[in-house]
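[1] When you get a sec, could you give me coordinates for this:
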Amino acid sequence: LMEQGEPRPVAGILGRWAALRGQCRTGFVLHPSTPREESFDKVWTRVNEYHFDPNFCGVDWKKVGETYKPLALQAKTDAEFHEVLSQMLDELQLSHCGIFPAGSKLAREDVEGICGFRIKIIEDKPIVHQIDANSEAEKNGLKTGFQLTAIDGKTVTEILQPLELRLAKSLMTEQRKRLSRERQLMNLIVGKPGSQVQFHFLNAQDAEFRISVNRQKNSADYTPSMDGVPPYELIFESKILEDRIGYIHFSIWEFSQLPIIRQAVSKMKNTDGIIIDLRGNPGGSSFVACKFAGLLCNEPTSLGTMTFRKQPDREFEAIPDSEIYQGSIVILTDYGTGCASELFIAGLQDSGRATIIGEKTTGALLESSGSYLPTRAYFQFPVGAYKSPKGVLIEKRGIMPDIEVSQTRQASIENNDLILEAGINFIKKQKG
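    You can find the predicted model right below:
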């Protein structure tokens, strides 16, 4: 959940002049004179003024600023400077928070070259969990359940080492750590169309398996690229399974998906239940989440509250649509289910409308704002924190499923989806 643009100013010209002169209310003296100093002070001050918790969730933010400012100003390059800023923000241990240097924004052409397979972190290993039909990877013999061990001659351990050093110091949820590893590896699997990449795997018998793949242009649509937010592939799938069970899966909560969701639910009105697969869905538009929930609820239903420090709280609510689906609802989750997906899940779980099956969700549900720094980097920072209808803070916690099920490598080798199977069996029992 992200609001673009500068936060609303809280002081007039005199207040801004006083801040530049170092008259900060906290006593942390600011004397900006260079782009880096101005950038550092902007980052520290924005967090100091707009963090949703005036106590910074127990972090001594003043001390953090005093510790990191000398380190930042000693940096020899902008890259080192931005890394120090990132480390300072890591002290908050929050999602929706980071520094994105100029030139780091990924364009669609940077990610639309695909290799025909996707990985998940299963049992702490990068495992192939999906292969596109008729892809070069499939034709070369790649199977689900194979373990990725190297990309272009560099082992997975070597690739992840810098990330692991940072994660070792982090208090983020284990779900977010798994997601970070997955994204790091997927960022190397996708690339520019036509480029070639080599992979090493362990097959089902743990013997080495190698393939070379030419990345093919993905014909799917993508979300627009924004600072701090890469372009996401737009995937939507709906079908009716055996035993009168509907199935809906989509990759991100995006406005263009809403009429497709409405149409899919309408076609499933005579089914006994619908499985909504939000595994790997990182979030998106809370508006779309509320509208979808309105297709499932017979009466106005709270989906929680976003709390702020400098503005009124915002309530999320599912308003019943003209046509309401009456059957059972099962939502599938994993460590990559975050943000707007968590808002949707928390509301339907707390109201008793849906049963959640799978893994604990990411625990990354804040509202953020963003602005550019004098060093031309983009700075994203949290301004609001979400609480479920029962008053539970989801950030750094996640949502525990009603029925906990995890995928295993062996199940992937056997081409079995344990979480989906659990969802199907649950609806069958409800019907019986």
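[2] Going by C-alpha atoms from here, please, whenever you check contacts or count neighbours.
    Fine.
[3] residues of stretch 201-210 that come out buried?
    Within stretch 201-210, the residues that count as buried by 16 or more other Cα atoms under 10 Å are Phe201, Leu202, Asn203, Ala204, Phe209, Arg210.
[4] cool, and stretch 73-91?
    Leu73, Phe81, His82, Glu83, Val84, Leu85, Ser86, Met88, Leu89, Asp90.
[5] Could you work out the end-to-end span of stretch 286-301 for me?
    End-to-end distance of stretch 286-301: 14 Å, with Cα to Cα, to the nearest Å as the criterion.
[6] cool, stretch 373-389 as well?
    End-to-end distance of stretch 373-389 (Cα to Cα): 36 Å.
[7] distance between it and the chain's centre?
    In terms of Cα atoms, centre = their mean, to the nearest Å, the centre of stretch 373-389 is found 14 Å from the chain centre.
[8] Buried residues in it, which are they?
    Judged by neighbour count using 16+ other Cα under 10 Å, the buried positions of stretch 373-389 are 373, 375, 377-389.
[9] average pLDDT across that stretch?
    Averaging pLDDT along stretch 373-389 gives 95.
[10] do stretch 45-56 as well
    The pLDDT scores in stretch 45-56 average 96.
[11] low pLDDT regions in the chain?
    1-32, 104-110, 226-228 (pLDDT under 70).
[12] Tell me which residue is most central in it.
    Pro282 (3.4 Å; Cα atoms, centre = their mean).
[13] contacting residues for that one?
    Counting by Cα atoms under 8 Å, 6 or more residues apart in numbering, Pro282 touches Ser251, Ile252, Gly336, Thr337, Gly338, Cys339, Ala340, Ser341.
[14] In strands only, show me the buried residues of stretch 73-91.
    Nothing among the buried residues of stretch 73-91 maps onto strands, per DSSP state E.
[15] Export those as TSV, with columns for distance to Ile99.
    TSV is the format used below for these (distance: Cα to Cα, whole Å):
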residue	distance to Ile99
Leu73	16
Phe81	10
His82	7
Glu83	8
Val84	10
Leu85	7
Ser86	6
Met88	10
Leu89	8
Asp90	10
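[16] nearest to Thr355, of those?
    Sorting the buried residues of stretch 73-91 by distance to Thr355 puts Asp90 at the head of the list, at 33.9 Å, by Cα to Cα.
[17] Tell me who's in contact with the closest one.
    Asp90 makes contacts with Ser170, as judged by Cα under 8 Å, 6+ apart.
[18] Can you list the residue ranges for helices in the stretch 1-150 of the chain?
    Taking DSSP state H, counting those that start in this stretch as the criterion, the stretch 1-150 of the chain contains helices spanning 13-20, 35-50, 61-73, 78-90, 108-111, 136-139.
[19] Between those helices, which one is closest to Gly194.
    Closest approach to Gly194 among the helices of the stretch 1-150 of the chain (Cα to Cα): helix 108-111, 10.9 Å.
[20] Which pair of the buried residues of stretch 373-389 spans the longest distance?
    Spatially, the most separated pair among the buried residues of stretch 373-389 is Thr375 and Pro389, at 40.8 Å (Cα to Cα).
[21] The helix or strand hosting Arg178 - contacts with which helices or strands?
    Assigned by DSSP states H and E, Arg178 falls within helix 174-189. Helices and strands touching helix 174-189, by 3 or more Cα pairs under 8 Å, 6 or more residues apart in numbering; DSSP states H and E, are strand 117-122, helix 156-168.
[22] Strand partners (parallel or antiparallel) of the helix or strand just after that helix?
    Once the chain leaves helix 174-189, the next helix or strand it forms, by DSSP H and E, is strand 196-202. Within its sheet, strand 196-202 is paired with strand 147-151 (antiparallel), strand 208-214 (antiparallel), according to DSSP bridges.
[23] can I get those in JSON lines with distance to Cys115?
    Listed next are the strands paired with strand 196-202 as JSON lines, based on distance: least, Cα to Cα, whole Å:
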{"stretch": "strand 147-151", "distance to Cys115": "12"}
{"stretch": "strand 208-214", "distance to Cys115": "6"}
